[in-house]
Every structure is written in C-alpha cells, then in structure tokens.
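S.K.: What would the 3D arrangement of this be:
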Amino acid sequence: MPPAKLLREPLFWASASAFVGVVVGLAGTFSSAAWTVVWQGPEAHILEVLSLLLGVPGYILAALSLFGVPALLGRRSRALRIGRALLLAWLPVLLAVEIASILYFALWSPKGFFSVAYVATDLLGSAAVLSLGMGAFFSGARRLGAVLLPLGLPAGTLFFYAHNALTETNEISQQLAVTTTLLFGDDLGVAEACLFTLLGAMLLRGARRRALARAEEENCKKALRLYEVGLGKNDPSVVEEVVSKDFRDPRRGVAPLGMAGMRRIVSDLWASYPDLEVSVVSQEAEGDVVRTRLVLSGTDRGSGVMWYPPTGRGGELRGRVRGQLQRGRASRAHGAGGDRGAPTATGAPPRGLRRQSAPNFVESKVCEVR
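M.R.: Next up, the predicted model:
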C-alpha cells in the first residue's frame, strides 16, 4: 500500500498524535521525577524547564488522539457524541488552566483556586474518556473499551485523596513523590502512556484497513472503467489512463505488452465484433488484485475467436479476469473462460444455452472488498 494513501487517513494522524504525545509527555514526566530528586543546582532549573515545556504539550498531543475514537468506530451512539462534546470542552479548559498555573504560580495553594481547577479539569477529562469507553463497548469494540475505561479513571486524584484521608496530611515523602510522579505523572504518567500507546496502535491498524479498503475500491473502479469503457466502447484513452507501460499477460509470453499491446488486443476484438458489448457481472478485490467476471457478446464478422472461424452469427463469452494493479495502473492480467456461451464451429451457441442480451447478466457492479 503506498504511504501516500495512509497519510490521507485522519486515523493515521490520530495515531501519530498518540505516539508523539507519549514520547514527549514521558520525557516531561521523567524530567519532573528527576527534578523531584535534584532540588538545587543548575541541573534542577534545566529539569524544571524541561518538565514544563514537554509535559503539558505531550499530554495534550496524546489526548488529541481520542478524537480518532468516534472516527474509528463510525457509529453515532449517544455516548460517543457526549464523549466528543466533552473532549471539545475539556482540552481548551485544560490548556487554559495549565498556562494560568505557570503564569501565576505564586498564587497556588493546596486549597486555592488552581487546586480546585485542576481537580475539576481532571474530572471533566475523565468524564469525556469514560463516555468514549462506554460508547466503544456499546458499539461492540470491547478491546477498545477496555483501553479507554482505565484511561478515563482519575487515578492520581483518587490516590492523593485517599492518601490525605488516611494520613491526615498533604505532605508526602520524596520516595513517594518520585513514585507517584512516574506512575501518575504531573501530566502524563507511565500507566497512561501505556494505554495511549495501545490506543495509537488500534488507530493505526484502523487507518491501514481503511487505506487498504479505499485502494481496493479505487482499483475496482479502474478495472471496471477499463472493461466497460476501454474494451466495451473501444476507447483507447482509457487504456492510456489505466494500463501500465509494463503490462503483461502470462498467456502471451514473458515480454511486456504495454499500452500498445493492450490497444492491439482491444482493436483486434472490435475488428472481429463491431457490435461488441461488455458487461461486468461482479468484482472482488483483495489487496492489489481485482478478480472480475464479465460477459462479452456480439456478432462474429471478422477473423473469429481463437480457433473458431468467423460465422457471421451472434455469440457470447463468459470469462474471468485476474488483474493486478500497481500504483493505480494495471500491470498484469490473466483471463480464463470456458466455451460456455462461446460460438461453436457452426456458429450456434452450445446446447442448452440461449443467447441473452448482455444487461441480463449484470448481477452487481459494486466491488466486493474482502
């Protein structure tokens, strides 16, 4: 699959946001943990600046990947709609509170405005992620829900409230401060980073599937255009548009036929069947391979078909073509067709078959992608 197709998928950028956010956020978290140990000296100032510059942007980048969850599920459940609305409200508030706390750090106190704002912002974010997790479960994506629900728990807030209630103090030891910083993070903890990494992997997998499905659909449309317009209407411009310069047909030797060879095949067929009709019965795509069932019908007025002499009578041929498209162009094709419906040596269709107009053979022109 060409990388350009993957880059067009919004889910890819959501996964990239998760991965980049985890790396940047963990760098800020480890800097903050080291700063907790080194309180004085020039190293402490460097670590403090790194924790401020990396922690918040990393966490926000990772949180932006959550917008990929509704796009991945593609279902409009009420929980997903609520979760997306809460995300839109939470992230601007989170950014505003973080910037305000940096600019007005001197106003911080354990029971002051910023402390309450942090708790309220944390609970708003938890509500958003929990709504997305419930929406994933309701949509049948249980693995995704199992990642989102723990991610939505305000573990750090619950831990410190429990600690303060049990110890009846807000003070913690240096060892516990380092441990909680790494586990929960000032912004992005190790536990959250693991969950965001799993979320990013799921989003990337979804992006690859969608890009592959789009590529298969495009291949089907190009193959359909080649058969119905290029072959069915004797339009050489479609051959130039769809067929590769290195086009090959294994039944016609190992040398490439290219566009000229394909144009010759089409022109020879039309020389024999001036009223040729081509109808695509069905298509099935798998990767860069498109399998097509089609019906060719017309009156033999030229050199005949294969070893059959020209009969001047109508006939039809049902065939199967396995085509391979690379970089959006047909590079290889192999056809197979029985003599069912083909003109016989006497010009009459085989016994038990009646000639029908081509449109009656059309079952579906929708590409069936596996």
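S.K.: could you pull out the strands for this structure?
M.R.: Counting by DSSP state E, the segments of the chain that form strands are 243-248, 277-286, 289-299, 314-326, 329-336, 367-369.
S.K.: which residues does A79 contact?
M.R.: Residues near A79 by C-beta atoms under 8 Å, 6 or more residues apart in numbering: S131, L132, M134, G135, F138. Bear in mind the C-beta positions are built from the backbone N, C-alpha and C, glycine included.
S.K.: any idea how far the third one is from L124?
M.R.: The one in question is M134. Distance, M134 to L124, using C-beta to C-beta, to the nearest Å: 16 Å.
S.K.: and if you look at the fourth one?
M.R.: Taking C-beta to C-beta as the criterion, G135 is separated from L124 by 17 Å.
S.K.: hmm, back to that, if you count surrounding residues, which of M134 and L124 has more?
M.R.: Applying other C-beta atoms under 10 Å to M134 and L124 shows that M134 carries more neighbours, namely 20 against 16.
S.K.: Am I right that the more buried one is in contact with L144?
M.R.: No. Using C-beta atoms under 8 Å, M134 is not in contact with L144; the gap is 11.2 Å.
S.K.: Stretch 210-228: which residues count as buried?
M.R.: Using 16 or more other C-beta atoms under 10 Å as the burial criterion, the residues of stretch 210-228 that qualify are 210-212, 214-216, 219-220, 222-228.
S.K.: ditto for stretch 230-237
M.R.: Buried residues in stretch 230-237, defined by neighbour count with 16+ other C-beta under 10 Å: G230, L231, G232, N234, D235.
S.K.: Is it possible to get TSV of those residues that adds distance to V20 and pLDDT?
M.R.: Output for those, formatted as TSV (distance: C-beta to C-beta, whole Å; pLDDT from 0 to 100):
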residue	distance to V20	pLDDT
G230	45	88
L231	48	86
G232	49	87
N234	52	88
D235	47	88
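S.K.: Considering the residues you listed, which is situated nearest to M259?
M.R.: Set against M259, the nearest of these by C-beta to C-beta is G230 (10.8 Å).
S.K.: before we move on, back to that, which of the strands of the chain comes out lowest on mean pLDDT?
M.R.: Among the strands of the chain, strand 367-369 has the lowest mean pLDDT, at a mean of 54.
S.K.: From the chain's centroid, how far away is stretch 43-59?
M.R.: On the basis of C-alpha atoms, centre = their mean, to the nearest Å, stretch 43-59 sits 34 Å off its chain's mean C-alpha point.
S.K.: what's in contact with that stretch?
M.R.: The contact list for stretch 43-59 (C-beta under 8 Å, 6+ apart) reads 20-29, 31-32, 34-35, 38, 95, 98, 102, 185-188.
S.K.: what does stretch 146-155 give?
M.R.: 69, 122-123, 125-130, 132-134, 136-137, 184, 191-192, 195-196, 198-199, 202.
S.K.: next one: stretch 82-96
M.R.: With C-beta under 8 Å, 6+ apart as the test, stretch 82-96 has contacts from 56, 60, 63-64, 66-67, 69-70, 121, 124-125, 127-132, 134-135.
S.K.: can you rerun that using 7 Å?
M.R.: 60, 63, 66-67, 70, 121, 124-125, 127-128, 131-132, 135 (C-beta atoms under 7 Å, 6 or more residues apart in numbering).
S.K.: so how far is the first residue of stretch 57-77 from its last?
M.R.: End-to-end distance of stretch 57-77: 30 Å, with C-alpha to C-alpha, to the nearest Å as the criterion.
S.K.: Oh, that last question was meant for stretch 230-240, not what I typed.
M.R.: End-to-end distance of stretch 230-240 (C-alpha to C-alpha): 9 Å.
S.K.: where's the nearest residue to V24 once chain neighbours are set aside relative to I99, distance?
M.R.: Leaving aside its chain neighbours, V24 sits nearest to G58 (3.4 Å; criterion: C-beta to C-beta, 6 or more residues apart in numbering). Distance of G58 to I99, computed by C-beta to C-beta: 15 Å.
S.K.: Give me the more crowded residue out of these two.
M.R.: More neighbours surround G58 than the other of G58 and I99, with 25 against 11 (other C-beta under 10 Å).
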